[in-house]
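> model the following, please.
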Amino acid sequence: MKNEITREIIKLGRVSVIDLADTIGVDLYHVEKQAQDVVLNDPGLMLVQGEIISQSYWDSIAEEINERLQECSQIAVAELAGQLQVGSELVQSVLEPRLGTLVIVLLLLSFPDCV
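The predicted structure is shown next:
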């Protein structure tokens with residue numbers, strides 16, 4: 001069952017434990033126990049409000065946010081949290097380190113003569 005859980009997380013990046021139980025066809029109680037174990041053994045995963053979220057999910061979200069920042073210059077953390085259905089503190093703590101790196105990389109790719 002752990003392999004099936006891991007496969008779904010890799011495929012989706014963010015998955016509800018309830019949806020995992022439906023997808024795998026196993027009782028929610030057993031899926032919750034196995035999901036907790038999967039998250040505990042993988043530092044690239046977190047369990048938040050009944051969902052398993054991978055670091056690659058946050059990386060892709062950071063890229064999307066970076067694209068929006070290129071267009072609008074600013075985005076409210078509360079707005080992002082609402083769209084992602086997670087707390088503002090989580091959004092800020094997970095995305096802050098990524099945004100600086102992604103913006104610099106995009107600037108260097110867009111303006112290579114500025115290096």
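
> how many neighbours does Ala76 have?
Number of residues near Ala76 (other C-beta atoms under 10 Å) recorded here: 9. To be clear about C-beta, it is placed using only N, CA and C from the backbone, and glycine gets the same treatment.

> that one and Glu67: what is the separation?
As for Ala76, its distance to Glu67 is 16 Å (criterion: C-beta to C-beta, to the nearest Å).

> same check on Gln49?
26 Å.

> what strand or helix carries Leu20?
Element membership of Leu20 [criterion: DSSP states H and E] is helix 17-24.

> okay, that helix in CSV with CA atoms only?
Extracted C-alpha coordinates of helix 17-24, given in CSV (Å, rounded to 0.1, in the frame of the first residue of the first chain):
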residue,chain,number,x,y,z
VAL,A,17,-5.8,11.0,2.2
ILE,A,18,-9.6,10.5,1.6
ASP,A,19,-9.0,10.5,-2.1
LEU,A,20,-6.1,8.1,-1.6
ALA,A,21,-8.5,5.7,0.2
ASP,A,22,-10.9,5.8,-2.8
THR,A,23,-8.2,5.5,-5.4
ILE,A,24,-6.4,2.6,-3.7
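
> let me see the mean pLDDT of it.
The pLDDT scores in helix 17-24 average 95.

> go on, stretch 63-73?
Here the average pLDDT along stretch 63-73 is 81.

> rewinding a little: could you give me the buried positions within the helix holding Leu20?
By 16 or more other C-beta atoms under 10 Å, the buried positions in helix 17-24 come out as Val17, Leu20, Ala21, Thr23, Ile24.

> which among the residues you listed gets closest to Met1?
Ile24 (6.5 Å; C-beta to C-beta).

> so what's Glu89 scoring on pLDDT?
Glu89 is assigned a pLDDT of 86 by the prediction.

> roughly how far does it sit from Val48?
Counting by C-beta to C-beta, the gap from Glu89 to Val48 is 11 Å.

> so the two - more neighbours on which side?
With neighbours defined as other C-beta under 10 Å, Glu89 and Val48 compare such that Val48 has more, 14 against 10.

> thanks a lot, see you next time.
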